[in-house]
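Novice: need the 3D shape of this:
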Amino acid sequence: MTLVIVESPTKATTLKRFLDSSYDLTATRGHVRDLPKSKLGIDVEHKFEPHYIIPAGARKTVKALKEEAKKHSSIILATDEDREGESIAWHTAHVLGLDPATCQRITFHEITSTAIKEALKHPRHINLELVSAQQARRILDRLVGYKLSPFLWKKIMRHLSAGRVQSAVLRLIAQREKEINSFHPQEYWTLAAILQPEGTKLPLTAQLISIQKKKIIPPGILEKEKILSIKNDLEKATFKVANLIQKEKNIQPPTPFRTSTLQATAGRQLHLSSKFTMSLAQNLYEKGLISYHRTDSIHLSDLSLQQASDFIQKTLGSKYWQKRNRIIKVKGAQEAHEAIRPTQISNTPEKLKSKLSDKAYRLYQLIWQRTLASQMKPAVLATTTVDIQAGDYLLRSTGQHLKFDGFSKIYKKTFEEKLLPPLKKEEELQLLEVATEQHSTKPPARYSEPSLIKELEALGIGRPSTYAPILSTIQSRNYVEKNEGRFFLTKIGKMVDEILSKHFPEIVDSQFTAKIEEKLDLIAQGKLDWLTVIKNFYQPFIQNLDKKYKEVAKLDLTEPTNKKCPLCGAPLIKRAGRYGDFFACSAFPKCKYTASLPSQKTGVQCPQCQIGEIIEKRNKRGQIFYACSNYPKCKFTLSGKPTGEKCPLCKSLLIQDKKGKTRCSNPKCRYRKE
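Specialist: Below you'll find the predicted structure:
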């Protein structure tokens, strides 16, 4: 009998369907060994040797694994195919007393009968270079986190944390905040002429683009007097079609999903956090419905390409198929061999709808549609560009309409249709109106999860599997808050970023972080020694840290107030806390009085007791919620800010959720305000 070991029970259950009775399956339920939480766990004096332990939560599982291993003549390690999966296989081999250099290891990109049987035909040994790369990442992160976090405790406050990647991400958000705060809007003007050809009632709008053959530079014309002068000239001018260009524009289909694009698209279209997206994808993978979801490749296997082409031609018609498989590769893709795709194209979303939760169904639908779309013909837009001369002024009008829907037949994409009247070169046009409009330049937008993930990928910060935990960490630490789907820097996040960027600039520098990722890739390829990378990082880092402990003074987190302590009469101070400001007695530690700051009022009466008012509050983790001011007599709470309006369906209060959407506060009511 052979024992096959995977990570999760769900994966084990799915695999069992494809293996005969000569195989038993069991799961590690995640990591079986890790660095201890209570101490550094790395011997920095002796080649940075890590000290691994079996965590308390894994001891029962490890005991069961050992008992199962004794009953079987052979063991196959079948954990995920990325670096973390390779590392779990290596740790599992150690706890079971197997030789990592000779034990059997298989990997597969999808949980299907064909993939499993093929993997079993070609077992390999554990890839120790991948293990070294993952171990180097773990050691680097531990050294930064466990050495730098105590510095923040001493210089700011306890329970803060720093991290090799999280601190670089925090820097990006802080820099964007500075750009927004320092932004000065600039007023500018645009001008458009509304024109009509003779013999038609369909007008066209043409925008001013150049004056005396000099192109208008964005943002536009800055002086009001100048725009009024131009308007006056145009109201007396003759408008004539100077140039007319008609052509077709191909809109190429999107590539299949990789981890970053799946997270970003699910965030934009389905309003899912990156963490929740990966949780849903993990479940879909373990059920055998999609291929492995941690990948930076957009390559599709020959079998999946054939399935896609067969489905497109049979269901949609041959006019939608490209007549050749569209093979796409990304330079430098690591970790895995294929894009995220359905394991069987014939498993349409509708077939699986009753077997999946609503959100899992919608995510699967997105993956299924995107995979098919990548192999379909482009959408074709018929475009028209009209240049109109009016004396010294040139104006332009553009129109377009969808000539062939192509991939958008199955992967919805909105194309703005703008029809122009029939026109001929040299044709004169009648002026109906000259319209001017005042604008103001806008500051750069705060990051959303999708835009931040896109930025991280562009800068080479982190890897596909790390995006979700990074964004989750900076929120749980209260370094940033999400409001209307955008990241806002908190007071404590600003303090942490300022002290790190000033005294440890290399830690928060995106280029430095990206170079570390490149070195980890080289370790995984066997081109670089992991110990060399650790040594080169640690020595200058620890020397600077020792120096900064002596040089940097503790931040003053207090502000005076005109209030007195109700217990001892000493002045009250306002103190910055991890989850926001609060009142504290200046006589601390003799007097330990503290109090919350006054709650923010919403002006909305509590619908339950009809006495209190709904006020903004924070829980112990610093998360904002809304509750009745009459607490504890009334324990009414809301998860979002009340708008003051009532639901037209059930008359409950309408609230604004974290995504900035207005919805009913009653969980049984699905009303959403458009």
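Novice: report all helices and strands that the lowest-mean-pLDDT helix or strand in the chain contacts.
Specialist: Across the helices and strands of the chain, mean confidence by mean pLDDT, DSSP states H and E is lowest for strand 672-673: a mean of 83. Packing contacts for strand 672-673, counted by 3 or more CB pairs under 8 Å, 6 or more residues apart in numbering; DSSP states H and E, involve strand 662-664. C-beta here means a position set from N, CA and C on the backbone, and glycine is covered the same way.
Novice: average model confidence for the strand it packs on?
Specialist: Strand 662-664 carries an average pLDDT of 89.
Novice: repeat for stretch 637-656
Specialist: The average pLDDT within stretch 637-656 is 90.
Novice: how about Lys319, nearest residue that isn't a chain neighbour?
Specialist: Ranked by CB to CB, 6 or more residues apart in numbering and with sequence neighbours excluded, the top spatial neighbour of Lys319 is Lys377, at 7.3 Å.
Novice: check Glu518 too.
Specialist: Glu518 sits nearest to Gly460 (CB to CB, 6+ apart), 7.1 Å away.
Novice: check Leu3 too.
Specialist: His72 (4.0 Å).
Novice: mind checking the SS state of the one you found?
Specialist: With DSSP: H, G, I helix; E, B strand; the rest coil as the basis, His72 sits in coil.
Novice: the residue nearest to Lys319 is in contact with Ser408, isn't it?
Specialist: No: judged on CB atoms under 8 Å, Lys377 makes no contact with Ser408 at a distance of 10.2 Å.
Novice: quick one, helices of the stretch 351-500 of the chain?
Specialist: In the stretch 351-500 of the chain, helices defined by DSSP state H, counting those that start in this stretch lie at 358-373, 449-459, 467-476, 491-503, listed in chain order.
Novice: re earlier: compare Lys377 and Ser408 (neighbour count), which wins?
Specialist: A count of neighbours by other CB atoms under 10 Å puts Lys377 above the other of Lys377 and Ser408, at 22 against 18.
Novice: quick revisit: show me what contacts the residue nearest to Leu3?
Specialist: Met1, Thr2, Leu3, Asp24 (CB atoms under 8 Å, 6 or more residues apart in numbering).
Novice: tell me the one of these nearest Arg164?
Specialist: Of all those, Arg164 sits closest to Leu3, with 36.8 Å by CB to CB.
Novice: next, that closest one: phi, psi?
Specialist: phi -100, psi 120 (degrees, to the nearest 10).
Novice: what's near enough to touch it?
Specialist: Residues counted as contacts of Leu3 (CB under 8 Å, 6+ apart) are Tyr23, Asp24, Leu25, Thr26, Glu68, Ala69, Lys71, His72, Ser74, Ile75, Ile76.
Novice: and the gap between the first one and Ala69?
Specialist: Using CB to CB, to the nearest Å, we find Tyr23 at a distance of 14 Å from Ala69.
Novice: same deal with the fourth one?
Specialist: Here the criterion is CB to CB. By it, Thr26 lies 9 Å from Ala69.
Novice: ok, Lys247 next?
Specialist: Applying CB to CB, the value for Lys247 to Ala69 is 67 Å.
Novice: swap in Phe151?
Specialist: Between Phe151 and Ala69 the distance is 44 Å, computed by CB to CB.
Novice: what of Ala468?
Specialist: 33 Å.
Novice: between these two, tell me which one has more neighbours.
Specialist: Under the neighbour definition other CB under 10 Å, Ala468 and Ala69 were set side by side, and Ala468 has more, 22 against 18.
Novice: need the contact list for that one.
Specialist: Ala468 makes contacts with Gln263, Ser273, Ser274, Lys275, Thr277, Met278, as judged by CB under 8 Å, 6+ apart.
Novice: isn't the last one right up against Ser260?
Specialist: No: under the criterion of CB under 8 Å, Met278 makes no contact with Ser260, lying 11.2 Å away.
Novice: how far away is the residue lying closest to Phe18 once chain neighbours are set aside from Trp368?
Specialist: Distances taken as CB to CB, 6+ apart put Ser113 closest to Phe18, at 4.3 Å, once the chain neighbours are dropped. Noted for Ser113: a distance of 20 Å to Trp368, by CB to CB.
Novice: the two: who's more crowded?
Specialist: Remark: of Ser113 and Trp368, Trp368 carries more neighbours, 23 against 12, as counted by other CB under 10 Å.
Novice: and the next element down the chain from the longest helix seen in the chain?
Specialist: Criterion DSSP state H: the longest helix present in the chain is helix 128-155. Sequence-wise, the next helix or strand downstream of helix 128-155 (DSSP states H and E) is helix 166-181.
Novice: what's the next helix or strand along the chain from that following helix packed up against?
Specialist: Next helix or strand after helix 166-181 toward the C-terminus (DSSP H and E): strand 187-197. If contacts are counted by 3+ CB pairs under 8 Å, 6+ apart, strand 187-197 sits against strand 204-211, helix 224-234, strand 379-390, strand 393-404, strand 428-440.
Novice: any weak-confidence spans in this protein?
Specialist: Residues of the chain that meet the criterion pLDDT under 70 lie in 324-336, 619-623, 658-659, 674.
Novice: quick check: domain ranges of it?
Specialist: Split into domains by automatic domain parsing, the chain comes to 2-126, 140-182+446-551, 187-252+379-440, 260-373, 558-596, 606-673.
Novice: can you get me the start-to-end distance on the shortest one?
Specialist: The stretch domain 558-596 measures 14 Å between its terminal residues, going by CA to CA, to the nearest Å.
Novice: same check on the last one?
Specialist: Length of domain 606-673, first residue to last, CA to CA: 21 Å.
Novice: and what of the fourth one?
Specialist: Taking CA to CA as the measure, domain 260-373 stretches 18 Å from start to finish.
Novice: check the third one too.
Specialist: Between the start and the finish of domain 187-252+379-440 there is a gap of 4 Å, counting by CA to CA.
Novice: tell me where the stretch 501-650 of the chain has strands.
Specialist: Here the stretch 501-650 of the chain has its strands, by DSSP state E, counting those that start in this stretch, at 558-564, 571-577, 580-585, 594-596, 600-605, 613-618, 624-628, 637-638, 641-646.
Novice: contact partners of the second one?
Specialist: In this structure, residues lying in contact with strand 571-577 by CB under 8 Å, 6+ apart are 157, 491-492, 495, 557-561, 563-565, 581-586, 593, 595, 597.
Novice: ok, 10 Å please
Specialist: 156-157, 159, 478, 491-492, 495, 555-566, 581-588, 593-595, 597, 618, 622 (CB atoms under 10 Å, 6 or more residues apart in numbering).
Novice: equivalent analysis for the fourth one, please.
Specialist: Strand 594-596 is contacted from outside by 563, 565-566, 572, 575, 577, 580-585, 588, 617-618, using CB under 10 Å, 6+ apart.
Novice: run the last query once more with 6 Å
Specialist: When contacts are defined by CB atoms under 6 Å, 6 or more residues apart in numbering, strand 594-596 is touched by residues Phe582, Phe583, Ala584.
Novice: Ile516: which of the residues you listed is nearest?
Specialist: Among the contacts of strand 594-596, Phe582 lies closest to Ile516 (CB to CB), at 37.8 Å.
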